[in-house]
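[1] Prediction below, plus the sequence it came from.
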Amino acid sequence: MNKKKIIVPLTLLLAAAFYFVFFYKNKALKFVPENADAVVLIDVKKLTGQYILSFIAHPSKWTENKAKDKKTISLKDSGIKTPDFLQIFHLKDTKFSEWYCVVELKDPQQFSAYLKSCQFASKGKNIFRKDQIFVKIEGGNGIIGTSYQAFDHIINKLLFQSPGKNMLTADEFIDNSLGSISFISGQKIQNFSIELKADEIEIKNTSETGSLASIVADIQKKNRFLEVELDARNVKKYARFFDEKLADSAQIGYLKATANLEQVNDTIISYGYDDNFNEIEKKTFQKIIQPNYVIDLQSAATGRTWEYFQHKKWINAQNQFTAIPFQPNNIERNNSGFIIKSTRKPIVLSPKIKENYIFIRNSPLLISSLSILSPAEKKLLSDIEFIFYGNKAQDYWVKIKAKKGELPLILRW
């Protein structure tokens with residue numbers, strides 16, 4: 001037999017197999033319900049390709065010997081069918097913290113064993129929970145969420161109904177990036193790309209980030225834990241996370257804030273009795289993390305804003321603004337608005353630059369104070385240097401900057 005006649009079809013067969021394994025993607029988003037108002041897509045094949053290239057480029061990773069827990073089943077043996085696009089969504093009229101994802105299962109029993117090996121506790125009716133993650137096995141699918149409240153709705157809308165004519169596709173959300181975050185309002189979809197780089201993650205809807213990057217460079221020189229400056233439009237957006245009507249009721253048109261963290265000694269006074277049943281005072285001391293801060297709130301109607309604060313009982317008899325849990329502080333009223341200052345160690349408000357941004361610098365004090373986190377979660381957070389949000393007109397940019405390391409983020413995390 002002529003060898004050329006064998007080599008040519010074999011090469012074509014290998015090329016076709018390579019294409020289907022690494023590049024062909026089913027772009028139908030059958031696990032995004034019609035009443036989703038936000039969607040996060042991750043291009044799994046693109047992520048896998050980026051991981052492989054990074055792995056090849058870093059030989060030190062080849063010989064890494066990780067101790068494996070024999071009781072824990074690996075993700076590749078979890079019984080999950082690897083999707084082309086991981087589809088994470090938020091449902092309209094649910095809490096901001098509630099996000100869901102549906103995955104197809106190759107073997108539901110194997111997936112159940114995987115969950116148990118990862119310390120998920122069974123809650124009955126094929127529902128499992130670990131911390132704030134809930135999982136329900138429904139036939140050949142697994143529903144994952146930060147809550148279980150919408151599980152029945154998702155089952156009825158996605159799993160028990162035939163795909164609708166208006167099924168969304170990945171092309172509506174993602175354009176050659178690793179992932180995307182999209183917000184849906186009626187027929188309008190606003191997309192933000194997600195890019196994973198060597199030591200940073202970027203979420204943005206523009207390639208022109210020069211002016212926002214210059215803000216980051218200037219803020220980094222100040223060595224503050226927190227720097228914030230927001231106009232009325234941005235204040236309203238962030239106020240919705242706390243109360244849908246807060247921004248309109250308080251009529252805040254501008255916010256500027258600066259804060260630092262400090263470890264202080266806190267005195268705890270308790271009372272007990274001695275052997276003669278006399279009441280005695282006991283003092284114990286503990287170290288706690290407290291912020292020192294100053295906040296400038298501006299309003300075009302300071303009188304109405306003040307009345308709103310009083311109606312909400314956020315101002316006590318000592319003129320402390322109790323909506324901020326870190327006490328003591330003092331609120332002062334002026335012609336343009338209000339100044340709220342911590343009184344233990346006052347700091348100076350940074351100069352206004354008339355831009356919209358939030359800058360949070362990581363701090364060992366912050367990590368140590370988060371006792372609810374596991375050691376693995378603390379390790380991951382400690383690798384972050386800062387988080388920045390910037391907005392200019394219709395352009396948005398979020399940057400999560402990690403500390404420089406020998407390995408890129410995709411191999412570290």
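    Happy to help now that I have it. Numbering: from 1, shown residues only.
[2] so where's the protein shaky on pLDDT?
    For the chain, the stretches with pLDDT under 70 are 1-5, 7-24, 65-71, 160-166, 242-244, 247.
[3] Now residue 38. Nearest residue, chain neighbours left out?
    Distance criterion CB to CB, 6 or more residues apart in numbering; nearest residue to residue 38, sequence neighbours excluded, is residue 90 at 4.0 Å. The way it works is simple: take the backbone N, C-alpha and C, and place the C-beta from them, glycine included.
[4] surely that neighbour meets residue 36?
    Yes - counting by CB atoms under 8 Å, residue 90 touches residue 36, with 6.5 Å between them.
[5] quick one on the thing from earlier: how about the contacts made by the residue nearest to residue 38?
    With contact set as CB atoms under 8 Å, 6 or more residues apart in numbering, residue 90 has these partners: 36-39, 96, 98-100.
[6] ok, the residues you listed vs residue 81, which is closest?
    residue 100 (17.6 Å; CB to CB).
[7] excluding its backbone neighbours, what's nearest the closest one?
    Leaving aside its sequence neighbours, residue 100 sits nearest to residue 145 (CB to CB, 6+ apart; 4.2 Å).
[8] sorry, back to before: okay, now the sheet partners of whichever strand or helix holds the residue nearest to residue 38, with direction.
    Using DSSP states H and E, residue 90 maps to strand 85-91. Note on strand 85-91: by DSSP bridges, its sheet partners are strand 36-43 (antiparallel), strand 100-104 (antiparallel).
[9] With distance to residue 394 and mean neighbour count added, can I get those in a markdown table?
    Listed next are the strands paired with strand 85-91 as a markdown table, based on distance: least, CB to CB, whole Å; neighbours: other CB atoms under 10 Å:
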| stretch | distance to residue 394 | mean neighbour count |
| --- | --- | --- |
| strand 36-43 | 18 | 20 |
| strand 100-104 | 29 | 20 |
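[10] nearest to residue 199, of those?
    Of all the strands paired with strand 85-91, strand 36-43 sits nearest to residue 199, with 19.5 Å by CB to CB.
[11] any idea which helix or strand comes after that closest one?
    helix 44-57.
[12] Measure how far stretch 246-255 is from the centre of its chain, please.
    25 Å (CA atoms, centre = their mean, to the nearest Å).
[13] Kindly check the end-to-end length of that stretch for me.
    14 Å (CA to CA, to the nearest Å).
[14] With stretch 225-245 instead?
    With CA to CA as the measure, the ends of stretch 225-245 fall 29 Å from one another.
[15] Helices along this protein, start to end?
    3-22, 44-57, 108-117, 151-154, 210-220, 232-239, 246-250, 302-311, 364-369, 375-382, 409-412 (DSSP state H).
[16] can you redo the ones you listed as TSV with mean neighbour count and distance to residue 326?
    Putting the helices of the chain into TSV (neighbours: other CB atoms under 10 Å; distance: least, CB to CB, whole Å) gives the following:
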stretch	mean neighbour count	distance to residue 326
helix 3-22	10	51
helix 44-57	14	39
helix 108-117	17	39
helix 151-154	17	37
helix 210-220	14	22
helix 232-239	16	18
helix 246-250	18	19
helix 302-311	15	17
helix 364-369	14	12
helix 375-382	12	20
helix 409-412	16	32
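[17] Quick one: closest of these to residue 354.
    Nearest of the helices of the chain (CB to CB): helix 210-220, 10.9 Å.
[18] Contacts for that closest one, please.
    227, 353, 355, 357, 359, 361, 386, 388, 390, 392, 395, 397, 399.
[19] which residues sit in contact with the second one?
    It refers to residue 353. Contact analysis of residue 353 by CB under 8 Å, 6+ apart lists 215, 218, 229.
[20] didn't residue 182 look like it was pressed against residue 173?
    Yes - assessed by CB under 8 Å, residue 182 is found in contact with residue 173 at 4.7 Å.
[21] Now the common contact residues for those two.
    Joint contacts of residue 182 and residue 173 (CB under 8 Å, 6+ apart) are 39, 41, 189, 191.
[22] which among the residues you listed gets closest to residue 58?
    When the shared contacts of residue 182 and residue 173 are compared against residue 58 (criterion: CB to CB), the nearest one is residue 41, at 27.1 Å.
[23] The nearest residue to residue 205 once chain neighbours are set aside and residue 159: what is the separation?
    Nearest non-adjacent residue to residue 205, counting by CB to CB, 6+ apart: residue 192, 4.9 Å away. Using CB to CB, to the nearest Å, we find residue 192 at a distance of 29 Å from residue 159.
[24] So if I had to pick from the two, which one is more boxed in?
    Ranked by neighbour count (other CB atoms under 10 Å), residue 192 and residue 159 place residue 192 first, with 20 against 15.
[25] ok now do the more buried one, which residues does it touch?
    Contacts of residue 192 by CB under 8 Å, 6+ apart are 180-182, 203-205, 396, 398.
[26] where does the residue nearest to the spatial centre of the chain fall, phi/psi-wise?
    Most central in the chain under CA atoms, centre = their mean is residue 97, positioned 9.6 Å from the mean C-alpha point. Backbone torsions for residue 97, taken as degrees, to the nearest 10, come to phi -80, psi -10.
[27] List the contacts of it.
    146-147 are the contacts of residue 97 under CB under 8 Å, 6+ apart.
[28] Go again with 10 Å.
    Residue 97 makes contact with 90, 132, 146-147, 241, according to CB atoms under 10 Å, 6 or more residues apart in numbering.
[29] Now render the shared contacts of residue 182 and residue 173 as CSV, adding distance to residue 329.
    Putting the shared contacts of residue 182 and residue 173 into CSV (distance: CB to CB, whole Å) gives the following:
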residue, distance to residue 329
39, 39
41, 42
189, 42
191, 40
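[30] Just flag the most distant two among those residues.
    41 and 189 (11.6 Å).
[31] between the two, what contacts are shared?
    168, 172-173, 180, 182.
[32] okay if I get the helices of the chain as TSV plus distance to residue 267?
    Shown next, in TSV, are the helices of the chain (distance: least, CB to CB, whole Å):
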stretch	distance to residue 267
helix 3-22	62
helix 44-57	50
helix 108-117	45
helix 151-154	47
helix 210-220	35
helix 232-239	35
helix 246-250	34
helix 302-311	30
helix 364-369	18
helix 375-382	27
helix 409-412	41
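[33] With that, I have no additional questions.
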